[in-house]
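A.B. asks: how does the following fold in three dimensions:
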Amino acid sequence: MSGPGHRTETLAVEDAEWVEELIGSWVEVYKKSATTLALLRIVRDSGPLPAAEIAPLYAAATGWSITERGLYRTLRRLADAGALRIEKVAVARTGARRQDFALTPVGEAYLRGIEARLVGADAAGHG
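C.D. replies: Below you'll find the model as predicted:
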């Protein structure tokens, strides 16, 4: 950072390592929070969807990968909170039932609130 009151200094090795740790920690927290926003948007725009179809859309939208465990954990957390509904759907070829995730009215309101407060309605494209 430059400008009045800011100067560039070379950090000691220990300080540089600490800064890297802080940055890594912040990025992980940000990614977890951004995952909720991204998943709600994906389900709103393309749902109802099974988790297997959500994962590649998430990667395309965010540029990040997500583990299967992380994806299911987040989807389940959103369903438990009432933001997503789990629909049991029979698979045509096998007759097995899969879980599709759909946005609920609570999820719609939650997503609108996030977009309005953190992203901004204009930036989100949903006013």
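A.B. asks: every contact and neighbour count from this point should use C-alpha atoms.
C.D. replies: Fine.
A.B. asks: my read: residue 64 touches residue 56, true?
C.D. replies: No. The pair formed by residue 64 and residue 56 falls short of the contact definition of C-alpha atoms under 8 Å, at 9.8 Å.
A.B. asks: so the two - more neighbours on which side?
C.D. replies: For the pair residue 64 and residue 56, the greater number of neighbours falls to residue 56 (15 against 12), based on other C-alpha atoms under 10 Å.
A.B. asks: just the element for that one, please.
C.D. replies: helix 51-62 (DSSP states H and E).
A.B. asks: is it fair to say residue 113 lies in a helix?
C.D. replies: Yes. The assignment for residue 113 is a helix, going by DSSP: H, G, I helix; E, B strand; the rest coil.
A.B. asks: based on its surroundings, how many neighbours for it?
C.D. replies: Neighbouring residues of residue 113 were enumerated by other C-alpha under 10 Å; the total is 14.
A.B. asks: just to revisit the earlier point, quick one: residues in contact with the helix holding residue 56.
C.D. replies: 38-39, 42-43, 64-66, 68, 71-72, 99-101 (C-alpha atoms under 8 Å, 6 or more residues apart in numbering).
A.B. asks: which of the residues you listed tops the neighbour count?
C.D. replies: Ranking the contacts of helix 51-62 using other C-alpha under 10 Å puts residue 101 first, with 25 neighbours.
A.B. asks: quick one: average confidence on the lengthiest helix in the chain?
C.D. replies: What stands out as the longest helix in the chain, according to DSSP state H, is helix 13-46. Throughout helix 13-46, pLDDT has a mean value of 88.
A.B. asks: next: stretch 107-127.
C.D. replies: Confidence for stretch 107-127, expressed as mean pLDDT, is 74.
A.B. asks: for residue 82, which non-adjacent residue is closest in space?
C.D. replies: residue 106 (6.2 Å; C-alpha to C-alpha, 6 or more residues apart in numbering).
A.B. asks: quick check, the one you found in contact with residue 79.
C.D. replies: No. The pair residue 106 and residue 79 does not pass the contact test of C-alpha under 8 Å, sitting 10.3 Å apart.
A.B. asks: look at those two and report which has more neighbours.
C.D. replies: Between residue 106 and residue 79, counted using other C-alpha under 10 Å, residue 79 has the larger neighbour count: 18 against 14.
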